[in-house]
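> Fold the following for me, if possible:
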Amino acid sequence: MADETNGALANGAAEAAPLTAQVNVQKIYIKDASFEAPSAPQIFQDQGQPQIQLNLGQRTASIGPDLYEVVLTVTVTCKLADKTAYLAEVQQAGIFGLTGFHPGDLQAVLGTFCPHTLFPYARQAVSSLIMDGGFPPFQLQPINFEQIYADQMQRQQAAAAVQPIANA
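This is a model prediction of the structure:
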């Protein structure tokens, strides 16, 4: 009888155990990269303080069961006075296997962990493009993807709270 009770408890405990969330980085690759120096070679003679503009973008696509492609786009534009010295853009991508996540947690992983994983690769690719274009080294500073995600969620919640009032 003791064996039957222990067996029933063991089976019941196994059924009640929560799924274990797992992340599997399957592939990291450059999806697209471009570099333009539209004012070269004259821009190399110009003097002045460069103005750098950084734009980040991200998109996520489900490509199979528990399989997602995340693309982090990093665009760096450098202007000297009113001339564009260079424009470097990298779409750094990765394929991530994500299992055992609740929907809200899955979105958080896709919006924070995945771009955080891709960013060092994108930073290196952008830096190489700029140096290979004949410009001084440029190092992107670290990005707080957790804060960006939290800000995005806050904006979405604020927009959802205003939506019913607008329709009334």
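> elements contacting the helix or strand hosting residue 69?
With elements taken from DSSP states H and E, the one containing residue 69 is strand 67-80. Under the contact criterion of 3 or more CB pairs under 8 Å, 6 or more residues apart in numbering; DSSP states H and E, strand 67-80 touches strand 51-64, strand 83-99, helix 114-132. Placement of C-beta: from N, CA and C, glycine included.
> Pull the distance from it to the chain's centre.
How far strand 67-80 lies from its chain's middle: 9 Å, per CA atoms, centre = their mean, to the nearest Å.
> ok so, going back, would you reformat the helices and strands packed on strand 67-80 as JSON lines and include distance to residue 157?
Listed next are the helices and strands packed on strand 67-80 as JSON lines, based on distance: least, CB to CB, whole Å:
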{"stretch": "strand 51-64", "distance to residue 157": "19"}
{"stretch": "strand 83-99", "distance to residue 157": "23"}
{"stretch": "helix 114-132", "distance to residue 157": "21"}
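> could those be laid out in JSON lines, adding distance to residue 148 and mean pLDDT?
Putting the helices and strands packed on strand 67-80 into JSON lines (distance: least, CB to CB, whole Å; pLDDT from 0 to 100) gives the following:
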{"stretch": "strand 51-64", "distance to residue 148": "8", "mean pLDDT": "96"}
{"stretch": "strand 83-99", "distance to residue 148": "16", "mean pLDDT": "97"}
{"stretch": "helix 114-132", "distance to residue 148": "8", "mean pLDDT": "97"}
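> Out of those, which gets nearest to residue 45?
For residue 45, the closest of those is strand 83-99, at 11.1 Å, according to CB to CB.
> For that closest one, which strands pair with it and how are they oriented?
strand 22-36 (antiparallel), strand 67-80 (antiparallel) (DSSP bridges).
> in it, what's buried?
85-96, 98 (16 or more other CB atoms under 10 Å).
> same check, this time on stretch 101-117
Under the neighbour-count criterion of 16+ other CB under 10 Å, stretch 101-117 has 101, 106, 108, 109, 110, 111, 112, 113, 114, 115, 116, 117 buried.
> Alright, that wraps it up for me.
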